[in-house]
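> Pasting a predicted model and its sequence here:
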Amino acid sequence: MKTRKNVKWGLLAMMMAVSLNSSANDGVYYASGSHLIPLAETDIAIKKEVLTISIGDDGYASVDVQYEFQNKGNAKTVTMGFEAGCPYNDGEPFNAKGIHPYIKDFSATMNNQRLTYSNGVVKRQYGEEGDFTPLDLTVWREPRSTDPESERGEDHELYNPKTHEYTTYAYVYFFKANFKQGVNTIHHTYRYRMSNGVGRSFEIPYWLTPAMRWANSQIDDFTLIIKAENTTKHFVVDCSIMDYNNFRITSGKGKKRIVTGNFDEANMLEVVLRNGTLEWHGSNFKPTEDLNINSMDVMFERPVDSFLYYDSGPGFYFYFGEHDFFKKYGLDYKDEKAIKRLLRNLPYAHRGYVFKDALLKKIFSEQWWYMPDPSWTPTNNSFFPHEQQFIKDNQ
């Protein structure tokens, strides 16, 4: 079963039988993280990169990237860009100034000097070779109901009434970067809103492939760090060019295992972190594939006799098996009292509460994601307001 926090119990049994396949692709896309790129050919190479992605409970992912670039030639100025795909299904109007509505606290510092940037709107390139010349917005505009229908039928397009063309677009942040001879450092930070949809309560897409546009077509020394600070997050890492066996939990409490995906049977890395850090390191890394970090509820083709997922973030989901789940523990799935008891204890299990009740202890100790924390004691401030309401609703 998959449901949101304010489910009406009369609908519970019906919702348990609903398949997610028909709606798994519905959702809201807000933004992607992305690599900085040169907007023209360059002989500058990426010597080192440390990419840190922090998953928050506020609906945002925070990105901190430390770059080292090698310029073997003379000092030069390179125009760099950060491409941010436009959102869709979100209802946000087009921003003609080129400022992405879901990217916050954007900054870049080069060799300890803060860089200034400008914004523009371009045809969407996905970081590939292409023309990043800003679109002429006296010509291109948002589609209107009277315009011819787009062949692609996408709601994140611009329309040219003179040529009757449509184009997908992106917001771009432009920098003028002065590279000295030798090693140059850039520190790039921003926050972007995580996407979501039916079957996934958060998605964190990150474009790695733009790194291939630098001179060495690789990252000589690459480190990926994923953090869940002061929270617990259960997610999958989807990037097949990374050896999942090389991921390491380097701080906090966590678990990891390789699992098989829903449709194409490709492997992914399942991770649960509590105030923890997951790291991956590679040399001569050629990012021919992008990175996706998705909430674990995306893995809906899972055993039906276990609790599968819970997240404490906004608009959180809980997700658990069907009739077999209750049968396994001698419960009746029609027993509203028993179901409510399980649900109101989910936020506690999520934080590692050690249950004294024998049945609750058995149920949660058999869930892979459960990580007991004998030192954790619930207080009035242990839960977010929406969780407090959830617990109250299930008394």
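Thanks, I have it.
> need the longest helix for this protein.
helix 336-350 (DSSP state H).
> For that helix, which helices and strands make contact with it?
Judged by 3 or more Cβ pairs under 8 Å, 6 or more residues apart in numbering; DSSP states H and E, helix 336-350 is in contact with strand 307-310, strand 317-320, helix 358-365, helix 385-393. Where C-beta positions appear, they are placed from N, C-alpha and C, glycine not excepted.
> Could I get these in JSON lines, plus columns for mean neighbour count?
JSON lines is the format used below for the helices and strands packed on helix 336-350 (neighbours: other Cβ atoms under 10 Å):
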{"stretch": "strand 307-310", "mean neighbour count": "22"}
{"stretch": "strand 317-320", "mean neighbour count": "22"}
{"stretch": "helix 358-365", "mean neighbour count": "15"}
{"stretch": "helix 385-393", "mean neighbour count": "14"}
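> Where does pLDDT dip in the stretch 151-300 of the chain?
Along the stretch 151-300 of the chain, segments meeting pLDDT under 70 span 151-155, 262-265, 300.
> how about the helices of it, start to end?
Counting by DSSP state H, counting those that start in this stretch, one finds no helices in the stretch 151-300 of the chain.
> Now do the longest helix of the chain against helix 385-393, angle only.
150 degrees (axes from the mean of the first three to the mean of the last three Cα atoms, to 10 degrees).
> Show me what counts as buried in helix 336-350.
For helix 336-350, a neighbour-count test (16 or more other Cβ atoms under 10 Å) marks 338-350 as buried.
> From residue 136, how far out is residue 386?
Computed as Cβ to Cβ, to the nearest Å, the residue 386 to residue 136 distance reads 45 Å.
> typo on my end, residue 77
Going from residue 77 to residue 136 by Cβ to Cβ gives 25 Å.
> what's the distance between the nearest residue in space to residue 60 that is not next to it in sequence and residue 271?
Spatial nearest neighbour of residue 60, excluding adjacent residues (Cβ to Cβ, 6 or more residues apart in numbering): residue 191 at 4.7 Å. The gap separating residue 191 from residue 271 is 21 Å, by Cβ to Cβ.
> Likewise for residue 97?
From residue 97 across to residue 271, the span is 38 Å (Cβ to Cβ).
> what does residue 394 give?
Separation of residue 394 from residue 271 (Cβ to Cβ): 28 Å.
> of the two, who's got more company?
Between residue 394 and residue 271, residue 271 has the larger neighbour count (other Cβ atoms under 10 Å), namely 24 against 19.
> pretty sure the more buried one is touching residue 253, no?
No: shown here, residue 271 and residue 253 do not form a contact pair, counting by Cβ atoms under 8 Å, at 11.7 Å.
> Give me the spatial nearest neighbour of the residue of the chain most remote from its centre, chain neighbours excluded.
Most distant residue from the mean C-alpha position of the chain: residue 74, 38.7 Å away (Cα atoms, centre = their mean). Using Cβ to Cβ, 6+ apart and skipping the chain neighbours, the partner closest in space to residue 74 is residue 181 (6.2 Å).
> and the gap between the one residue sitting closest to the centre of the chain and residue 222?
Most central in the chain under Cα atoms, centre = their mean is residue 204, positioned 1.1 Å from the mean C-alpha point. Distance of residue 204 to residue 222, given as Cβ to Cβ: 18 Å.
> Then residue 147?
Relative to residue 222, and taking Cβ to Cβ, residue 147 is found at 44 Å.
> Give me the more crowded residue out of these two.
Neighbours were counted for residue 147 and for residue 222 using other Cβ under 10 Å; residue 222 has more, 22 against 14.
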